[in-house]
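> pasting a predicted model and its sequence here:
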Amino acid sequence: MLSDAELVRSFRGGDEAALGELIERHRNGLYAYLRRLAGDAAGAEDMFQDTWVKVARNIGAYREESKFSAWLFSVAHNTAMDALRRRRPDSVSLDAASAGDTMRHGVPVPSGRPLSEVIGSAEPGPESSYEAAESRRAIDGALAALSPEQREVFLLRHYSGMSFREIAETLGVPIGTVLARASRAAAKLREKLAGEI
């Protein structure tokens with residue numbers, strides 16, 4: 001299997017299938033990240049498409065000494081922030097966000113239902129369904145209580161698997177700032193979820 005850097009080289013050389021391979025390889029993590037930021041499937045899909053258009057147009061800006069996924073999520077972050085500023089100038093809220101997408105053949109399929117209604121056991125009974133829904137509501141509420149900066153670090157770490165150094169590069173802030181945001185986010189999530197789930 002070719003590395004991301006090798007696929008980028010192939011794409012730069014005119015092999016459009018290499019870009020398709022990169023899209024498939026990073027589809028799930030990138031879409032999940034954008035879905036949480038967008039708050040809806042349509043917004044996430046638009047951001048996803050815009051991100052890959054920007055990647056294709058600006059592939060020359062990628063430097064192979066950097067991890068491709070870090071560069072990709074940096075492009076996605078900037079794309080999402082631009083879209084959210086146009087859509088919601090005051091703030092970004094994840095209250096209505098749904099991570100209720102299911103995976104079908106490795107591709108996210110929006111369910112259109114809130115996260116709290118989707119996550120549960122494979123065949124839940126009424127009691128376990130209720131408990132799972134309450135847990136999801138508690139998690140959604142705890143995430144919504146984070147500052148946008150803390151939530152951004154949490155989502156990047158959770159969905160992209162990037163290191164804190166890569167997150168710092170993506171956000172353009174010092175690594176100490178990223179570590180502080182991550183620590184505050186973890187403390188606030190623990191506090192909000194204590195006894196909830």
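The structure has been received and is ready for your questions.

> this protein: helices as residue ranges?
4-12, 16-38, 41-57, 68-87, 115-118, 126-145, 148-155, 164-171, 175-193 (DSSP state H).

> ok and the last one relative to helix 164-171, angle-wise?
What it means is helix 175-193. Between helix 175-193 and helix 164-171, the angle comes out at 100 degrees (axes from the mean of the first three to the mean of the last three Cα atoms, to 10 degrees).

> any idea of the mean pLDDT in helix 175-193?
Averaging pLDDT along helix 175-193 yields 90.

> how about the one residue sitting closest to the centre of the chain: what's its closest non-neighbour residue?
Nearest residue to the geometric centre of the chain (Cα atoms, centre = their mean): Tyr33, 1.0 Å. Leaving aside its chain neighbours, Tyr33 sits nearest to Tyr159 (3.9 Å; criterion: Cβ to Cβ, 6 or more residues apart in numbering). To be clear about C-beta, it is placed using only N, CA and C from the backbone, and glycine gets the same treatment.

> surely the one you found meets His26?
No. Tyr159 is not in contact with His26 according to Cβ atoms under 8 Å; the separation is 10.7 Å.

> pull the helix or strand with minimum mean pLDDT from the chain.
Least confident helix or strand of the chain, by mean pLDDT, DSSP states H and E, is helix 115-118 with a mean of 42.

> low-scoring stretches of the chain, by residue?
For the chain, applying pLDDT under 70 flags the ranges 88-133, 136, 195-197.

> do that again at 50, thanks
Counting by pLDDT under 50, the low-confidence segments of the chain come to 89-111, 113-124.

> tell me the buried residues in stretch 28-37?
Gly29, Leu30, Tyr31, Ala32, Tyr33, Leu34, Arg35, Arg36, Leu37 (16 or more other Cβ atoms under 10 Å).

> ok now do the first one, which residues does it touch?
Taking Cβ atoms under 8 Å, 6 or more residues apart in numbering, we find Gly29 in contact with Ser69, Tyr159, Ser160, Gly161.

> just the buried ones from those residues, in PyMOL syntax?
Applying 16+ other Cβ under 10 Å to the contacts of Gly29, the buried members can be selected in PyMOL as follows:
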select buried, resi 69+159+160
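
> can I get the contacts of Gly29 in CSV with distance to Val173?
Formatted as CSV, these follow (distance: Cβ to Cβ, whole Å):
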residue, distance to Val173
Ser69, 18
Tyr159, 18
Ser160, 16
Gly161, 19
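
> farthest pair within the contacts of Gly29?
Maximum pairwise distance in the contacts of Gly29, criterion Cβ to Cβ, is 10.6 Å, between Ser69 and Tyr159.

> before we move on, back to that, which of the contacts of Gly29 lies closest to Ile175?
Ser160 (15.8 Å).

> can you give me the distance of the closest one to Ser10?
23 Å (Cβ to Cβ, to the nearest Å).

> next one: Tyr141 from Leu193, what distance?
If you look again at residue 141, you'll see it is Gly, not Tyr. 9 Å.

> and Ile59, by the same measure?
Here Ile59 is placed at a distance of 41 Å from Leu193 (Cβ to Cβ).
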